[in-house]
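*Asks:* Build the 3D model from these lines:
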Amino acid sequence: MQLFVNRAPIRLYARILVIASGGYAGLFHGSLRTSAYGTLMGRYLEAGGVTTNLEFVFKHGYGKADLNALMPTEELPGAEVYDDQGVHVEWLERELFSGKGTYNHLEAFRHWRCNNNRKFYIDFTYQPLCRAIIALAKAVNGAQSSARDLNLLLDAVTELCRRGTVPEVRKMLLKWIDTERVIGFDQFNEFKPFQQTAEKRQVFRVNQIAYFSMGGIAHTEFNTNLPGVYVTGEAMHDFSANRIGGLPWGLYLIAGRKIADQCLGKIAARQVQPVRPFALLPGSARFDGDLLVEIQVRLQEHFEDLREIEKLERCLA
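*Replies:* Predicted structure coming up:
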């Protein structure tokens with residue numbers, strides 16, 4: 001790898017290289033702006049590396065529109081979802097309460113996309129109450145819960161309620177526990193008026209995020225075709241096949257362990273490749289802002305309507 005410090009070239013030599021550079025993701029309008037521009041991929045190709053599946057589309061339904069960030073789906077249970085006229089997206093609130101944020105983000109993505117004339121918001125005001133109620137519901141349905149445990153969880157719910165409403169709330173909770181043994185989304189909604197007013201509301205504007213990820217380094221069990229060069233993370237060609245919603249941390253851990261084992265094995269067996277310098281041709285990058293805008297507009301027009309062959313071919317073109 002050739003670097004420049006004060007315009008003087010410095011070359012770094014390594015017998016083992018692990019590429020985990022992410023992927024360029026700027027072709028879609030509204031995509032996250034990241035620091036990954038695909039430059040390491042270019043160096044890898046110059047060195048004779050093999051790539052495949054260079055672009056795939058990743059859709060995420062929960063983007064913080066004003067912060068250029070993804071909203072972790074694990075944080076969504078208990079969130080309210082409503083538009084700029086205060087109309088709630090109840091089906092989505094219900095699913096988020098049930099912990100299905102990771103599995104329904106594609107449906108959420110389509111909802112924002114199909115209603116792009118509206119602004120939608122995620123409101124975390126009632127999350128403390130939601131967490132307390134979910135914990136109580138689990139204890140009610142658990143065989144090992146003692147009377148003391150239930151009382152502590154009842155206290156956790158009532159402590160969030162306004163003064164003067166505690167006896168009423170406790171009575172409602174005990175009634176549900178005794179008669180139905182169910183405390184779900186509908187009960188959660190009935191408790192909201194009793195919660196103390198939060199000093200500071202946590203409200204975020206939410207939108208869909210869609211982007212290409214130009215990973216594509218071909219590998220077999222994280223080995224590339226270049227000796228001593230391994231790959232993991234979004235740089236892999238099959239990264240998209242291993243994720244639904246969140247990041248595939250399990251895959252990362254497995255990759256790290258497998259790569260480490262292979263590297264240590266080669267070092268112990270003295271099979272590490274010798275360092276061989278190779279020339280890197282100097283070049284300059286050119287960014288065409290107008291072309292990027294045109295690409296973004298065309299992708300926006302065709303992306304969600306690809307069930308007809310003609311429209312699909314127009315989008316690909």
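
*Asks:* so what's the backbone phi/psi at V231?
*Replies:* Reported as degrees, to the nearest 10, the phi and psi values for V231 are phi -140, psi 150.

*Asks:* Against G49, how distant is it?
*Replies:* According to C-beta to C-beta, to the nearest Å, V231 stands 9 Å off from G49. For every residue, glycine as well, the C-beta is placed using N, CA and C.

*Asks:* When those two are compared, which one has more neighbours?
*Replies:* V231 (27 against 19; other C-beta atoms under 10 Å).

*Asks:* which residues touch the more buried one?
*Replies:* Counting by C-beta atoms under 8 Å, 6 or more residues apart in numbering, V231 makes contact with 18-20, 217, 219, 222, 224.

*Asks:* and stretch 159-171, how far out from the chain's middle?
*Replies:* Here stretch 159-171 is found 37 Å from its chain centre; the criterion is C-alpha atoms, centre = their mean, to the nearest Å.

*Asks:* tell me the mean pLDDT over that stretch?
*Replies:* For stretch 159-171, mean pLDDT is 84.

*Asks:* What of stretch 137-156?
*Replies:* On average, stretch 137-156 scores 76.

*Asks:* now swap in stretch 258-269 and tell me
*Replies:* pLDDT averaged over stretch 258-269 gives 89.

*Asks:* As CSV, could you dump the C-alpha coordinates of it?
*Replies:* C-alpha atoms of stretch 258-269 as CSV (Å, rounded to 0.1, in the frame of the first residue of the first chain):
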residue,chain,number,x,y,z
LYS,A,258,-11.6,-18.4,11.0
ILE,A,259,-9.3,-15.8,9.5
ALA,A,260,-7.2,-15.7,12.7
ASP,A,261,-6.9,-19.5,12.8
GLN,A,262,-5.7,-19.6,9.2
CYS,A,263,-3.2,-16.8,9.7
LEU,A,264,-1.8,-18.4,12.8
GLY,A,265,-1.6,-21.8,11.1
LYS,A,266,0.4,-20.3,8.2
ILE,A,267,2.7,-18.4,10.5
ALA,A,268,3.4,-21.6,12.6
ALA,A,269,4.0,-23.6,9.4
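
*Asks:* That stretch: which residues count as buried?
*Replies:* Buried residues in stretch 258-269, counted by 16 or more other C-beta atoms under 10 Å: 259, 262-263, 266.

*Asks:* how much space is there between R162 and D83?
*Replies:* Taken as C-beta to C-beta, the span from R162 to D83 is 28 Å.

*Asks:* Have a look at these two and say which one is more surrounded.
*Replies:* D83 (15 against 12).

*Asks:* so that one makes contact with I122?
*Replies:* No. Between D83 and I122 there is no contact under C-beta atoms under 8 Å: 11.5 Å.

*Asks:* tell me, what's touching V231 and G49 both at once?
*Replies:* With C-beta under 8 Å, 6+ apart, V231 and G49 have common neighbours 217, 224.
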